[in-house]
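Asker: Make a model of this:
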Amino acid sequence: MWVDPDDDPRETDTQPVDERGILLDYLRNYRLTFEMKCAGLDAEQMARRSCPPSTMSLLGLVRHLTEDERHIRRVMAGEDAPKLYRTEADRDGDFNGAVADPAVVEEAWRQWRAECERTDRWLAGVTDLATRNTGFSDYGPEPGGQVQLRDILVAQIAEYARHCGHADLLRERIDGRVGQ
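Answerer: The predicted structure is shown next:
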């Protein structure tokens, strides 16, 4: 997935200088990287579990990361954002429901983009990285404890970084395309 630097949407003319700006820039870049890794695939390719015996697919990752975006607001803002794909009965519903149907793929991308936008709007209103959660936190050593926005952002960046690596392997197995 080599992209000419002149065409790379992750490249900007500005460099963040403060911690908050750097964290938000990393999050933005990993989101773009993930989206680029999935570009140009059809529904069957997006839903293909290309690294057996894993049930992971690129479509499952889109749905999983959508849940993660919602989770930020559930924890930090106490937002009532029920899980979209996972249930108590099917904790892997984000992957299990990732089927090769163009409507499912389109809806997953629409939902992911909407959740990223909602998260970005919420983040725009919070300038202090030391802001603590108002919702239930399952982060850290004590579930239900306090967590700072800074910790949530680092966790989300790590989540995207991990899944961009997964996406590299899945994509390479689908069509041979490799990442950068």
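Asker: Now tell me what touches the helix or strand of the chain with the lowest mean pLDDT from outside.
Answerer: The weakest-scoring helix or strand in the chain, judged by mean pLDDT, DSSP states H and E, is helix 93-96 (a mean of 90). Contacts with helix 93-96, where a contact means Cβ atoms under 8 Å, 6 or more residues apart in numbering, come from 55-57, 60, 63-64, 66-67, 83, 85-87, 90. All C-beta spots, glycine's among them, are computed from the backbone N, C-alpha and C.
Asker: Of these, which is the nearest to Ala39?
Answerer: Ser57 (15.5 Å; Cβ to Cβ).
Asker: Thought Ser50 was touching that closest one, still the case?
Answerer: Yes - with contacts counted by Cβ atoms under 8 Å, Ser57 reaches Ser50, the gap being 7.3 Å.
Asker: Looking at these two, which is more packed in?
Answerer: Per other Cβ atoms under 10 Å, whichever of Ser57 and Ser50 has more neighbours is Ser57, with 26 against 17.
Asker: So for the more buried one, what's the pLDDT?
Answerer: On the pLDDT scale, Ser57 is placed at 97.
Asker: now it: how far from Asn96?
Answerer: Noted for Ser57: a distance of 10 Å to Asn96, by Cβ to Cβ, to the nearest Å.
Asker: before we move on, back to that, for ChimeraX, what selects the buried ones among the contacts of helix 93-96?
Answerer: Here is the ChimeraX command that selects the buried residues among the contacts of helix 93-96 (16 or more other Cβ atoms under 10 Å):
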select :56,57,60,63,64,66,67,85,86
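Asker: Return the member of the contacts of helix 93-96 nearest to Arg177.
Answerer: Ser57 (15.5 Å).
Asker: Now the closest one. Its backbone dihedrals?
Answerer: Phi and psi for Ser57, reported as degrees, to the nearest 10, are phi -140, psi 160.
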